[in-house]
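[1] Predicted coordinates and the sequence they were generated for:
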Amino acid sequence: MDNFSFTPLNGGRFISRGKGRHAVRTIDSNEIIFVIKGTLTMFEETRFFDLHTGDYLLLRRGKKHGGILDYPPGLSFFWLHFNSNGDFPETMPQSGHAVRPEQLAIYFQSFLAEQQEQFPDEKNKSLLLELILRELTRPGTLPPAPQISTLARRAGELIKLRFADHTLSLNSAAEILHCNTEYLGKIFHLHYHETFTAMLNRTRAEYAAKLLIESNNSIKEIIFECGFNDPAYFRRIFFRRFAATPTAFRRFHRNSKINT
């Protein structure tokens, strides 16, 4: 980090009233977020972060980032925008838990106090920014905060393993994974670029296609084996995926085998 220079821009302290969420955006500066109290859920590109009291997050310039859920009441965090003379050093952990959160909060407060002066001293602001960055890399810093993508991947694995379970849904998956249903739905969509239900239906329909080709089971039996409860709903999902009814799909593939 000693080979890099940093220029502070502006900072502030956010206190939530339980409304809104962090904007989804791409900016041309870096941003540090340091949570004073509460929980903040964020993403940057394809990475997800679940920040709690004492955790920090570095958002890099040119990377799309934003909030995943609405700000909970009582959430409070410092934020600070700054520029660097190059790409941020890879040795700087993107997220983690501060070794001395109280001291880090003092540095942020001092930065904001200097910023509020009628004629702010830019050198003082730069020194305070450097102290903040050095505090984040202080030896003994705890490992980065867990990534939310781990939870999304667990939900994806749950679909692969239990798609034939008629009771599997976003709600039941949230219960199994001990998390909020809305929370799971949002991070799942951000991670896989489709909803939990869409992936579940697609997995079931693809397994049904496999059974239609390889087994002699009736279509009613296959519908049940794949986890669908409603035949009409199954047919709609299957047609959407394969542009054919189950009967036509089976006939076509069996005739193809004969012709081969």
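    All right, it came through fine.

[2] how about the helices of this structure, start to end?
    101-115, 122-136, 149-162, 170-177, 181-192, 196-214, 219-225, 231-242, 246-259 (DSSP state H).

[3] Quick one, which of those gets closest to Pro72.
    Pro72 lies closest to helix 181-192 among the helices of the chain, at 10.9 Å (Cβ to Cβ). From N, CA and C alone the C-beta is placed, and that goes for glycine too.

[4] hey, which helix or strand in this structure has the poorest pLDDT?
    The least trusted helix or strand in the chain, going by mean pLDDT, DSSP states H and E, turns out to be helix 246-259, with a mean of 77.

[5] picking up where we left off before, will you turn the helices of the chain into TSV that also has distance to Pro72?
    As requested, those are exported to TSV (distance: least, Cβ to Cβ, whole Å):
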stretch	distance to Pro72
helix 101-115	19
helix 122-136	24
helix 149-162	17
helix 170-177	17
helix 181-192	11
helix 196-214	22
helix 219-225	42
helix 231-242	36
helix 246-259	46
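
[6] I'd like to know which of the ones you listed is closest to Gly67.
    Of the helices of the chain, nearest to Gly67 by Cβ to Cβ is helix 181-192, at 9.7 Å.

[7] In terms of pLDDT, where does the closest residue in space to Pro101 that isn't next to it in sequence sit?
    Distances taken as Cβ to Cβ, 6 or more residues apart in numbering place Gly54 nearest to Pro101, at 4.2 Å, with adjacent residues excluded. Per-residue pLDDT puts Gly54 at 92.

[8] Spit out the contact partners of His22.
    Leu40, Met42, His65, Gly66, Gly67, Tyr71 (Cβ atoms under 8 Å, 6 or more residues apart in numbering).

[9] Buried ones from the residues you listed, can you make that a ChimeraX selection?
    Entered in ChimeraX, the line below selects the buried ones among the contacts of His22, by 16 or more other Cβ atoms under 10 Å:
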select :40,42,65,67,71
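
[10] Report the two members of the contacts of His22 separated by the largest distance.
    His65 and Tyr71 (15.1 Å).

[11] returning to that earlier point: only the buried residues of the least confident helix or strand of the chain, if you could.
    In helix 246-259, counting by 16+ other Cβ under 10 Å, buried: Pro246, Phe249, Arg250.

[12] any idea of the angle it forms with helix 231-242?
    50 degrees (axes from the mean of the first three to the mean of the last three Cα atoms, to 10 degrees).

[13] Going by contacts, tell me the helices and strands next to helix 246-259.
    helix 196-214, helix 219-225, helix 231-242 (3 or more Cβ pairs under 8 Å, 6 or more residues apart in numbering; DSSP states H and E).

[14] can you do 6 Å?
    The helices and strands touching helix 246-259, judged by 3 or more Cβ pairs under 6 Å, 6 or more residues apart in numbering; DSSP states H and E, are helix 196-214.

[15] Geometric centre of this structure: which residue is closest?
    In the chain, the residue lying closest to the centroid (Cα atoms, centre = their mean) is Phe48, at 3.4 Å.

[16] rewinding a little: could you export the buried residues of helix 246-259 to a markdown table, including columns for distance to Gln118?
    Below are the buried residues of helix 246-259 laid out as a markdown table (distance: Cβ to Cβ, whole Å):
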| residue | distance to Gln118 |
| --- | --- |
| Pro246 | 75 |
| Phe249 | 75 |
| Arg250 | 79 |
